[in-house]
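Q: coords please:
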Amino acid sequence: MSNDYLDSVKKQFDYYKILGDKTFSQLKDDKLFWQHNDDSNSIATIVKHLWGNMLSRWTDFLNSDGEKEFRDRDAEFENDIKNREELLDKWNEGWNCLFNAINSLTTDDLDKIIYIRNQGHTVTEAINRQLAHYPYHIGQIVFLGKMLSENGWTSLSIPKGNSKEYNADKFAKPKQRGHFTDEFINDKKE
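A: Numbering: from 1, shown residues only. Here you go, the predicted structure:
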């Protein structure tokens, strides 16, 4: 069960990273920095926040508090990323930090206690906390991407009006173990 959990977590995080990657690829550079008003965030700002959170939470994951002294959370919400390259550098740096930490974990680590803002969590709880937090923001990124896409949005899941066809294809095959994420990752990593 524990090995399955770590494998599942990796697939889930990979799935959400791909959703962001596929959103960025559908947008012109200027759309990544569009902000509706002062109370909202641009895609770039959301990326900057995720980057800051990931570096803080996953650096020295098992040994130091997840709210690192180097983190400046308030600055994460300043819309100051300059270009697509900087945005993608931060995006990938955050994810690399996360995956390096996750890949170093063993089943023996899952019940260990780590701290986030001085509050104890099992490693499993800390992972689940981030697995809820990151998809929340990636959903915002995808939502903004759909609104800002100028060339027609390419669906990141089952396109509207294709559910019957999609289901017919799935039910025409033998039963198999797997997750939507396995299928999505294999189809979308092109």
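
Q: Could you tell me which ranges of the chain sit under the pLDDT cut-off?
A: Where the chain drops to pLDDT under 70, the residues are 1-3, 178-190.

Q: can you give me the helices for it?
A: For the chain, applying DSSP state H gives helices covering 2-25, 43-58, 84-104, 123-148, 163-171, 180-188.

Q: distance of A172 from P159?
A: 19 Å (C-beta to C-beta, to the nearest Å). Where C-beta positions appear, they are placed from N, C-alpha and C, glycine not excepted.

Q: For the nearest residue to D80 once chain neighbours are set aside, give me its contacts.
A: Nearest residue to D80, sequence neighbours excluded (C-beta to C-beta, 6 or more residues apart in numbering): K48, at 7.9 Å. Neighbour list for K48: E76, F77, E78, D80, I81, K90 [criterion: C-beta atoms under 8 Å, 6 or more residues apart in numbering].

Q: Quick check: of those residues, which lies closest to S149?
A: I81 (19.7 Å; C-beta to C-beta).

Q: List the contacts of that closest one.
A: Residues in contact with I81 (C-beta under 8 Å, 6+ apart) are F33, A44, T45, V47, K48, L87, K90.

Q: And for the first one, the neighbour number?
A: F33 has 17 neighbours, counted by other C-beta atoms under 10 Å.

Q: doesn't I46 make contact with it?
A: No. Between F33 and I46 there is no contact under C-beta atoms under 8 Å: 11.2 Å.

Q: Please identify the residue most distant from the middle of the protein.
A: Going by C-alpha atoms, centre = their mean, the residue of the chain most distant from its centre is A172, 31.8 Å out.

Q: on that earlier part again, if you rank the contacts of I81 by neighbours, which is first?
A: V47 (26 neighbours).

Q: quick one: contacts for it?
A: By C-beta under 8 Å, 6+ apart, the neighbours of V47 are G20, I81, L87, K90, W91, I141.

Q: these two touch, right, the fourth one and M54?
A: No. Counting by C-beta under 8 Å, K90 stays clear of M54, with 9.4 Å between them.

Q: circling back to that earlier point, of all the contacts of K48, which comes closest to N151?
A: Distance to N151 across the contacts of K48 (C-beta to C-beta) is lowest for I81, with 22.8 Å.

Q: gap between the nearest residue to the closest one once chain neighbours are set aside and I141?
A: Distances taken as C-beta to C-beta, 6+ apart put A44 closest to I81, at 4.2 Å, once the chain neighbours are dropped. Distance from A44 to I141, counting by C-beta to C-beta: 10 Å.

Q: what sits against F70?
A: L55, S56.

Q: Would you mind measuring from it to D60?
A: From F70 across to D60, the span is 11 Å (C-beta to C-beta).
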